[in-house]
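Visitor: need a structure here:
(chains A, B, C and D)
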Number of protein chains: 4
Amino acid sequence: MDDFSMLPVAADDDHFHEECGVFGVFDHPDAAALTALGLHALQHRGQEAAGIASYDGRQFAIERHIGLVGDTFTRKAVIDRLPGSRAIGHNRYSTTGGAGLRNIQPMFAEFVGGGFAVAHNGNLTNAATLKRELQRRGSLFQSTSDTETIIHLIATSNHGRLLDRFVDAIRRIEGAYSLVALSEKKMIGCRDPLGVRPLVLGRLDSAYILASETCALDIIGASYVRDVKPGEMLIINEKGIESIFPFEQSRSRFCIFEYVYFARPDSSVDGRGVYAVRKQIGAELARESGIDADIIVPVPDSGVPAAIGYAEASGIPFDLGIIRNHYVGRTFIEPTDAIRHMGVKLKHNANSAVLKGKRVVLVDDSIVRGTTSMKIVQMVRDAGASEVHMRIASPPTTDSCFYGVDTPEKSKLIAAQMSVDEIANYIRADSLAFVSIDGLYRAVGEAKRNGSAPQFCDACFTGEYPTRLTDHEERGKVQVLSRLAEAS
Amino acid sequence: MDDFSMLPVAADDDHFHEECGVFGVFDHPDAAALTALGLHALQHRGQEAAGIASYDGRQFAIERHIGLVGDTFTRKAVIDRLPGSRAIGHNRYSTTGGAGLRNIQPMFAEFVGGGFAVAHNGNLTNAATLKRELQRRGSLFQSTSDTETIIHLIATSNHGRLLDRFVDAIRRIEGAYSLVALSEKKMIGCRDPLGVRPLVLGRLDSAYILASETCALDIIGASYVRDVKPGEMLIINEKGIESIFPFEQSRSRFCIFEYVYFARPDSSVDGRGVYAVRKQIGAELARESGIDADIIVPVPDSGVPAAIGYAEASGIPFDLGIIRNHYVGRTFIEPTDAIRHMGVKLKHNANSAVLKGKRVVLVDDSIVRGTTSMKIVQMVRDAGASEVHMRIASPPTTDSCFYGVDTPEKSKLIAAQMSVDEIANYIRADSLAFVSIDGLYRAVGEAKRNGSAPQFCDACFTGEYPTRLTDHEERGKVQVLSRLAEAS
Amino acid sequence: MDDFSMLPVAADDDHFHEECGVFGVFDHPDAAALTALGLHALQHRGQEAAGIASYDGRQFAIERHIGLVGDTFTRKAVIDRLPGSRAIGHNRYSTTGGAGLRNIQPMFAEFVGGGFAVAHNGNLTNAATLKRELQRRGSLFQSTSDTETIIHLIATSNHGRLLDRFVDAIRRIEGAYSLVALSEKKMIGCRDPLGVRPLVLGRLDSAYILASETCALDIIGASYVRDVKPGEMLIINEKGIESIFPFEQSRSRFCIFEYVYFARPDSSVDGRGVYAVRKQIGAELARESGIDADIIVPVPDSGVPAAIGYAEASGIPFDLGIIRNHYVGRTFIEPTDAIRHMGVKLKHNANSAVLKGKRVVLVDDSIVRGTTSMKIVQMVRDAGASEVHMRIASPPTTDSCFYGVDTPEKSKLIAAQMSVDEIANYIRADSLAFVSIDGLYRAVGEAKRNGSAPQFCDACFTGEYPTRLTDHEERGKVQVLSRLAEAS
Amino acid sequence: MDDFSMLPVAADDDHFHEECGVFGVFDHPDAAALTALGLHALQHRGQEAAGIASYDGRQFAIERHIGLVGDTFTRKAVIDRLPGSRAIGHNRYSTTGGAGLRNIQPMFAEFVGGGFAVAHNGNLTNAATLKRELQRRGSLFQSTSDTETIIHLIATSNHGRLLDRFVDAIRRIEGAYSLVALSEKKMIGCRDPLGVRPLVLGRLDSAYILASETCALDIIGASYVRDVKPGEMLIINEKGIESIFPFEQSRSRFCIFEYVYFARPDSSVDGRGVYAVRKQIGAELARESGIDADIIVPVPDSGVPAAIGYAEASGIPFDLGIIRNHYVGRTFIEPTDAIRHMGVKLKHNANSAVLKGKRVVLVDDSIVRGTTSMKIVQMVRDAGASEVHMRIASPPTTDSCFYGVDTPEKSKLIAAQMSVDEIANYIRADSLAFVSIDGLYRAVGEAKRNGSAPQFCDACFTGEYPTRLTDHEERGKVQVLSRLAEAS
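Guide: Here you go, the predicted structure:
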């Protein structure tokens, strides 16, 4: 189908995918343009669609478009339709609600008390349950996004002031979320009580900035102030900034996978530099499962920092044995089986001159389904490698994520179905090792995982979910499918 | 502006404009294609946008597009996205809600009990007042269309079954409306208690058809069954058709202007052939204000039937002294004053050979602002006419319409500001006459207007509105502007 | 296919089609905008594509687009890309060269001596023969349009000055053409020696205007100066206008079908008012083949003037028994046989109230294939007419046109295959009559057709072609198909 | 301007740009799809536009589109419009002829003897001179591309057979070119006598493949057969492959800059692996101008192989101190000065955690204008580096290229205007060194540059051009500007 060719290439089909990035600017004359730049820096967190809402003191304006930020928000006409000194924005990979335009964030609502735009990164684990209740009392849903659930909770709250209604609403939601919102008076940034998803505060001259990662501060030259705390709500208005904690206090459970793959290597999230953590995971890997070899070759680009760390720790040379095509960005049609089977080369090509006759350690960040790993091992072998050893910079991913990450069902996760030896066999590697869960915790600076009170959310490796999964438990009882076919 | 060039030409800026046409099909394999054809036949009732919703027994699908029906709904891909044997559709001229895509009908909502699509022709006179109440209790509005008000009334009704909720909802609305709706089980057609706007029932094989005018039955070869009655609700399901009257009984007040201009001449509305009525108005004009002349010339195309009727009644020859360009459909840019002033010739050109040296009676259907009439009189005079007498096939339009017709404010209506003599002077006609209100009533078959209980809605000629104008009276108290800028 | 839906509706598939209109402006600051307006007035001569070339004293600019003039040339951005005080333009129905963008006129070439743009209305009867010769000596053709042949003849002429080369070139071409050309110094207008196609000269202030018909002068307020004469070449430059006659003198053979159907009724072509001629044909028809009836009904819109003439001459009332849908402009998809068979109603609907129980004389301008006539007769009968008599305002069309008119092959022309009685039977009319060839000549003001030296080109009625048909005679020997597939 | 946002980002404005890549397939059922894949692998050689011509045994088809290969040629509808088992394709960065659609290759011509499509990588140094001659004898040029000159030379050749005409034509052209052509019988591949630009031959099953680089063979799984030799013409038809040498023999002068920057690192060009050469240049740099430092940081991505080579040779750790945003691909609008000055961060961000307090050696492939280097040095310093030393993997670029590479005028080349010390000062580096010309020759395997008969074309470093520069010498006498404004 033609439309499929508009989606980001399936080359990353063997990764988990972060579902969203958020950004906000309060009090800067170029608010929408800065937001576009911030979203561009956060593009890795969501490539399917992007949206920006701005407020000019009189009206809100919203632009939401399928595609990369740079496909649309580089046009002057689009930015000109987003006037005002306040703006929030959102990148989306995909959501629970399907790919339709009506699900792109930010979402906007008109309350009796004024307009309100909101965007969030994460996933509510009781959205369907709440939606069913709201519909029963007469709320009409326009999208299948769980963000809209928050809006209806605000609209139907018994409280008076908008801020009180908002607090009332988020107290009723469960799950992981870092959200930014814009009312006619305020910009709000908020993290869930466990702080699963990241959110940082920055400043650019007199403006306040909210962003999922620090790399989005860097692109606009903003300075990093601090991370928003788990359970904290920052309320920014013309007079300044206020911090409240509307929830009972919890221990932080930041998503450890942000360090493994999601965050950009030049970002600092939850107080740690991502690149340094990844190199350290590589070093842990070398220590835990080192092997005699001639070269360390990263699977580009996500495996590069861990491969450098592995090479440094092992003393084996680092080399680019696989070259990435920078222009991959669209799927190609595949008219025959012959062409279909060459899939992986659209993204990567083996650098035969480097690989020929060598014992190769391939370093990748994770294995989800195993299909890409199998093709890459084969490609490296076809290019003349005498041995191919795979080292993975995360523990086996055995469980699905319910906190805003696009993961296959558990039955599709290879590590949920096979032992490490079986996986090695399946991908035809001469050897395979994953970093241990304690090795991963060491790489982020902990002594080891605290089994009784884990310092991070690591549910995808351990199956220990830090919140209730209300909708998941009620599955079957809750109708979540839309009765309206998605427009293409 | 570029976008403006996409709108229908301003050539008709001197007419009232019908705001909508509706159509529905229940139980035909080509439901969406037939609806597209029906809307095409009703294109004169609304040229700005068109939409179709269909239901295939499992899901609803909606396509809504700016432009003519034929611009989009001629494409197989669009029709293929509208599967199912049931469909409703809508043409729009413009609405109270602005030109944005989110205001195009049909509107769709998901109730606890199932999906529901609705489209209407008309205008609610208490929509803003109801909206304010609904917002206070937590309803979120996504559009500025008053159709959405009906949907929220259904959603928040205390009744159980969808049909009961629907009846409950329409009992609360005031104004003029002919609406078609589609639930998962039923198609519903309904006219307001006064039957201001038209709606007819037809059959095509086993399928039921609803349409604003009979010309939309003709195009698909459907037979005319009857007009839906004022205050009647037709409920069509797989078992057949049912008629209920949910309102207290009222006397019919059908819009008399449908005969003057809105309806297509080959349609029969409210039981009378439109072409015959228009010829009869021309005959009344000849009787009331005949004048010695050489030729009767219609202002094409709306003046043609009345001109033929005038010519027959007067015995003066009918001739095409003004030729219409069939390809007018877009505004042209106007880079200089010289070009701007030639405006009217884009649509019409004088046929000098016919007009030279002649005493001309020009026949038009109505005068709204007078600017077009002035240009046409001048054009005919420039082409050599020795005298130009204007005869108008409606009484002077002195008052705005609040029932779904796009009319200028009263202050812009020339007949509200000037006497007939002053208008004649303004448009530089040698003489000017309008048909009398009783002459118009005679043309539709009445002896005369019944002043104490008028047989039709003729508010635009008399200022006597047959319903309350709640929002209009509350103006200032009700906030109707959106806080969200319309996307282009 | 989707693309087909972009073409003008097949509703006129039962007419001959004029292939082109041309227009030119020399020395007006709004040259391109005026040309767009002129082409809009000439839209009836070609609806498939339009193009404008302008010259600003330094460079030429060209815009060529599929669709109506108003689809593209209403946009300011397009007009702004056509700077300069000189411009020529062209409307196309279709050409010998297929529908591709590369065949849209004006065509442009860069000679050693400067740039040159040219557009023509007509058809060369020796283009393929000349193209073969030119290709042999090394000329490369970029299009399949015969206009390009003229350009290559100029490029390869042995003469020195561009004007001499141009005269040299057109002396080698045969057929019918009215062309406008723009060099860096001059605008040129030229009619073929027989003057088959029309071309008029006008003035707007100090600017000279060239146009296919006078209606294109009217739209911009230009005054009519005179018709360009058969075989005349007008050369317009900054100093004024010059007339030369580069051919041997011939007798005029203007296309009589321009009066029957092609030209707009408000135009005057070759010195006669088109509307008056058409009414006169109707009067001739009434005299030649009058019949007792109740009403005279035109097939809209082309049959209207003849019907009025017939009604006046016969004393039988004129009435609109068939209503045309103004919004027809695109073909509709036809998913089932049922829908396919309703074809004609997209364009026309019978006005039953007028037709019921009446003896009807239907007046149309011509019959080409007979299929539309058959449907219309049936539609009128279905609407209740008791008798249907068809009267045609032209003689039977028995032969194809090779002079720039899109006609079916002779074998598809019903009048080449059947007698009048057989046609009457085929279309199921109670009676059928065509105007006689002498009746047609009388309507244009001649006593009768001069059989030994006909005053007009009437080859489509008589088979007597006024020029050689070189390519047609050489058919089989000349390769005219392109080796390049047309892009859609 | 909106349109500008469609061009590849200016982020590479500080590099030379290869102007083209070519690809061809003879005798494979998926010829067009394979060509699209091949062009995708060659995307680095030209990002502005792409085109494919195919031949199905009956007709040629061409698709030419602005943008990346993946923007258009991923669509099934586009590939389906390119039927046949033979195809050639072309990527373009930009050409001498401007950015218009009419200049996109392949170009197509219809000769008396049949159709012919051709695409080339390189630049003719006597194209304008030949064009002037051809125009004088009557040839009409449709584009401003020098490829069209070749076509006219074929069309006007005195020889009989197409192949003889082609040989006749290329004997008259001067400059650098690797071209692929498709006639109705043959596919032809040809390199200029000096072999300046690359071209390789491959096989996929029974099909022959031609490609600019081996990476385009890899993507489709084709095997590498050999490089086409300088001055060689390969003629491929149904019977097999033939090699002829139509020129006098010359010594090879392959472009040495292909190793420095143009070719993809996983390609092998002119017999040498590109990645290995680049690492070797880094090693030469470390030897020639090593300096005491803490980390070696590549400017991504082009500096990575040389940086790895430098790090290995020097023993200093390699680290990713600069992170590249993978989603750069469009320019962003820049509404204020503040935003304009942040330019470089759209593409790169400093990895502060790695750089803080370190003595950094930055390795880049070349310096053209110096503006990007200055910004990167500053960015690294702002991130906390204590020293920043720049090492460049090519000699100073002092002269423009006339062989198909987009280079600034000599006056804009910083190395033509400043000494190395001055450049170091300008870019504010603590030290700066370029590899020596002999160091570069050593990296490609030569002992040193042979001054009297250089083994490569290195004119951009030395000013010694291996061919005549006819047009350049005649500049002023030859009119190369078009008289037709480019359509956008």
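Visitor: What residues does the closest residue to residue A:272 other than its chain neighbours make contact with?
Guide: Residue nearest to residue A:272 in three dimensions, not counting chain neighbours: residue A:444, with 6.2 Å by Cβ to Cβ, 6 or more residues apart in numbering or on different chains. (Glycine included, C-beta is placed from N, CA and C.) Neighbouring residues of residue A:444 by Cβ atoms under 8 Å, 6 or more residues apart in numbering or on different chains: A:256, A:259, A:272, A:277, A:280, A:456.
Visitor: Mind doing that once more with 7 Å?
Guide: A:256, A:259, A:272, A:277 (Cβ atoms under 7 Å, 6 or more residues apart in numbering or on different chains).
Visitor: got it, and residue A:93?
Guide: Residue A:93 neighbours (Cβ under 7 Å, 6+ apart): A:17-20, A:46-48, A:406.
Visitor: Using CSV, lay out the residues you listed together with neighbour count.
Guide: CSV is the format used below for the contacts of residue A:93 (neighbours: other Cβ atoms under 10 Å in any protein chain shown):
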residue, neighbour count
A:17, 22
A:18, 26
A:19, 25
A:20, 28
A:46, 28
A:47, 23
A:48, 22
A:406, 18
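Visitor: Let's have these in JSON lines, adding distance to residue D:367 and pLDDT.
Guide: Below are the contacts of residue A:93 laid out as JSON lines (distance: Cβ to Cβ, whole Å; pLDDT from 0 to 100):
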{"residue": "A:17", "distance to residue D:367": "38", "pLDDT": "76"}
{"residue": "A:18", "distance to residue D:367": "37", "pLDDT": "73"}
{"residue": "A:19", "distance to residue D:367": "41", "pLDDT": "76"}
{"residue": "A:20", "distance to residue D:367": "40", "pLDDT": "92"}
{"residue": "A:46", "distance to residue D:367": "36", "pLDDT": "90"}
{"residue": "A:47", "distance to residue D:367": "33", "pLDDT": "87"}
{"residue": "A:48", "distance to residue D:367": "38", "pLDDT": "87"}
{"residue": "A:406", "distance to residue D:367": "42", "pLDDT": "83"}
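Visitor: Quick one: low-confidence residue ranges for chain A.
Guide: The model of chain A has pLDDT under 70 over residues A:1-13, A:94-102, A:328-344, A:475-482, A:486-488.
Visitor: For it, what lies in contact range of chain B?
Guide: A:59-62, A:108-110, A:112, A:114-115, A:135-136, A:138-142, A:151-152, A:155-156, A:482-485 (Cβ under 7 Å from any Cβ of the partner chain).
Visitor: Now name the helix or strand holding the closest residue to residue A:172 other than its chain neighbours.
Guide: Counting by Cβ to Cβ, 6+ apart, residue A:172 lies nearest to residue A:153, which is 5.7 Å off, once chain neighbours are set aside. Element membership of residue A:153, judged by DSSP states H and E, is helix A:147-155.
Visitor: quick check: longest helix of chain A.
Guide: helix A:274-289 (DSSP state H).
Visitor: Show me what it is packed against.
Guide: Contact partners of helix A:274-289 among helices and strands, from 3 or more Cβ pairs under 7 Å, 6 or more residues apart in numbering or on different chains; DSSP states H and E: helix A:304-314, strand A:431-434, helix A:437-443, helix D:352-355.
Visitor: how about the third one, does it reach chain D?
Guide: No: applying Cβ under 7 Å from any Cβ, one finds that helix A:437-443 is not in contact with chain D, the shortest distance being 14.1 Å.
Visitor: Residues touching that helix, excluding its own?
Guide: Taking Cβ under 7 Å, 6+ apart as the rule, helix A:437-443 contacts A:256, A:277, A:280-281, A:284, A:288, A:394-395, A:448-449, A:458, A:461-462.
Visitor: How many residues are close by residue A:453?
Guide: For residue A:453, the count of nearby residues is 8 (other Cβ atoms under 10 Å in any protein chain shown).
Visitor: What distance do you get for the residue of the stretch 151-300 of chain A found nearest chain B to chain D?
Guide: Distances between the stretch 151-300 of chain A and chain B by Cβ to the nearest Cβ are smallest at residue A:156, namely 3.5 Å. Residue A:156 is 39 Å from chain D, where distance means Cβ to the nearest Cβ, to the nearest Å.
Visitor: Can you tell me which of the residues of chain A next to chain B are classed as buried?
Guide: Buried members of those, scored by 16 or more other Cβ atoms under 10 Å in any protein chain shown, are A:59-62, A:108-110, A:115, A:135, A:138-142, A:151-152, A:155-156, A:482-485.
Visitor: In strands, which of those residues fall?
Guide: Mapping those onto strands (DSSP state E) picks out A:60-62, A:108-110, A:115.
Visitor: Taking the residues you listed, tell me the two that lie furthest apart.
Guide: In terms of Cβ to Cβ, these reach their longest pairwise distance at A:61 and A:109, which sit 14.6 Å apart.
Visitor: can you map out the helices along the stretch 151-300 of chain A?
Guide: Using DSSP state H, counting those that start in this stretch, the helices of the stretch 151-300 of chain A run over residues A:162-172, A:215-219, A:257, A:274-289.
Visitor: who touches the longest one?
Guide: Meaning helix A:274-289. Everything outside helix A:274-289 that qualifies as a contact, by Cβ under 7 Å, 6+ apart, is A:259, A:263-268, A:305-310, A:312-314, A:363, A:391, A:393, A:433, A:435-436, A:439-440, A:442-444, D:320, D:351, D:353-354.
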